[in-house]
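Undergrad: Okay, structure incoming, though there's no sequence with it:
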């Protein structure tokens, strides 16, 4: 998410203004993040009360998928419909972005037809180039570097359980130091909670993220799951083998075998600790059935909040005045 200096094309009901994108957590300001979470909470409350909020009536979202997803597609498509707009699903075979057509050409063509682009892809540079070349806002639905939409929904979920101030929490992330872990580092830098990452040797986050953790003193990186989980208010895990790395699955199962979130590990967390997983889960690998289905699990709350958090992002990018109003009326 950053200011690009480009101007939107003139679309129905749209004002000409500086284009914004949602590509990461790091470039959000604390007030913007609080505003997004307040708007997500308001949109969720309105939906459950039967109040319609067609803020994006007449707008169109293009959804580019190079990686498949249940939650990302359904929540963006449903969310756009609930906001009064329309979403178009573009499968890998529909575009062949970067192969059949260059990223630049895809971005410039889509910008002539639609109002907003979401991309779920492998290389983060593809997402960055799309944002540079598009004259409409771009949302990072997931890359191999970051997963900001998931963490935004996770923060909304934590606020529902712990209140608005998350700075006193200790959050343990047990697993691969990949895109999700790196977005959690960005979130910790914004909110100041204590982040404990337990990662097997060789699977650490990229160097720049580790350096940020140390520089800003926002957490600890360890290879000991017990050290990370002890006293934690939240225990988070993710799949050991992300899409595109399936050939490594057997080796990863060996390397991560001591990093399973199970009842034995959970006993070392705080008394009322909550368990999170972004899904899909490989039950019996990174997490056991008794934990993910147990009373401490808020996994389905997270999944539900993908809908509301992403709706907040889309409204903010196309109707920023609604975000400001939500912060005043629902409390940032």
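TA: Yep, it's here. Worth saying up front: this structure is predicted, and the values here are computed from it rather than measured.
Undergrad: Summarise which helices and strands the helix or strand containing residue 154 is packed against.
TA: Element membership of residue 154 [criterion: DSSP states H and E] is helix 148-162. If contacts are counted by 3 or more CB pairs under 8 Å, 6 or more residues apart in numbering; DSSP states H and E, helix 148-162 sits against helix 30-48, strand 138-142, helix 179-191, strand 274-277, helix 299-318. Glycine gets a C-beta too; all of them are placed from N, C-alpha and C.
Undergrad: Need the contact partners of the next helix or strand after the last one.
TA: Scanning forward in sequence from helix 299-318, with DSSP H and E defining helices and strands, the next element found is helix 320-326. Helix 320-326 is contacted by residues 17, 20, 32, 35-36, 38-39, 42, 55, 312, 315-316, 332 when judged by CB atoms under 8 Å, 6 or more residues apart in numbering.
Undergrad: about what we covered before: hey, what's the angle from the helix holding residue 154 to helix 179-191? Just curious.
TA: For the pair helix 148-162 and helix 179-191, the angle between their directions (axes from the mean of the first three to the mean of the last three CA atoms, to 10 degrees) equals 60 degrees.
Undergrad: what's the angle from helix 148-162 to helix 299-318?
TA: Angular relation of helix 148-162 and helix 299-318 on a 0 to 180 degree scale: 120 degrees, by the same axes, to 10 degrees.
Undergrad: Give the other helices and strands that the very next helix or strand once past helix 148-162 contacts.
TA: Secondary structure here is assigned by DSSP H and E; on that basis, the next helix or strand after helix 148-162 toward the C-terminus is strand 170-174. Packing partners of strand 170-174 (3+ CB pairs under 8 Å, 6+ apart): helix 179-191, strand 194-198, helix 225-229, strand 234-237.
Undergrad: strands paired with strand 170-174, and their directions?
TA: Strand 170-174 has its sheet partners listed here by DSSP bridges as strand 194-198 (parallel), strand 234-237 (parallel).
Undergrad: Make JSON lines from the ones you listed and add distance to residue 257 to it.
TA: Supplementary listing: the strands paired with strand 170-174 in JSON lines, determined by distance: least, CB to CB, whole Å:
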{"stretch": "strand 194-198", "distance to residue 257": "13"}
{"stretch": "strand 234-237", "distance to residue 257": "13"}
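Undergrad: Same list as before, these that is, but in JSON lines and with mean neighbour count, distance to residue 161 and mean pLDDT included.
TA: Listed next are the strands paired with strand 170-174 as JSON lines, based on neighbours: other CB atoms under 10 Å; distance: least, CB to CB, whole Å; pLDDT from 0 to 100:
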{"stretch": "strand 194-198", "mean neighbour count": "24", "distance to residue 161": "17", "mean pLDDT": "98"}
{"stretch": "strand 234-237", "mean neighbour count": "27", "distance to residue 161": "9", "mean pLDDT": "98"}
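Undergrad: and residue 164, which of the ones you listed is closest to it?
TA: The closest approach between residue 164 and any of the strands paired with strand 170-174, judged by CB to CB, belongs to strand 234-237 at 15.7 Å.
Undergrad: Buried residues in the helix or strand following that closest one, which are they?
TA: Tracing the chain C-terminally past strand 234-237 and defining elements by DSSP H and E, one meets helix 249-255 next. For helix 249-255, the neighbour count (16 or more other CB atoms under 10 Å) marks 252, 255 as buried.
Undergrad: Which SSE is immediately downstream of helix 249-255?
TA: Of the helices and strands lying after helix 249-255 in sequence (DSSP H and E), the nearest is helix 263-266.
Undergrad: Which residues outside that following helix are in contact with it?
TA: Applying CB under 8 Å, 6+ apart, the set of residues contacting helix 263-266 from outside is 174, 225-226, 229, 235, 273, 275, 288, 290-291, 294, 296.
Undergrad: from these, which single one is nearest residue 77?
TA: Lowest distance from residue 77 to the contacts of helix 263-266 (CB to CB) belongs to residue 275, with 28.0 Å.
Undergrad: Pull the contacting residues for that closest one.
TA: Under the criterion of CB under 8 Å, 6+ apart, the contact partners of residue 275 comprise 234-237, 261, 266, 287, 291-292, 294, 296-299.
Undergrad: Recalculate using a threshold of 6 Å.
TA: Contacts were defined as CB atoms under 6 Å, 6 or more residues apart in numbering; by that measure residue 275 touches 235, 291, 296-297.
Undergrad: out of those residues, who's nearest residue 81?
TA: Within those, distances to residue 81 taken as CB to CB reach their minimum at residue 297, with 28.6 Å.
Undergrad: Strand 138-142 and the helix holding residue 154, what's the angle between them?
TA: Angle, helix 148-162 to strand 138-142, by the same axes, to 10 degrees: 80 degrees.
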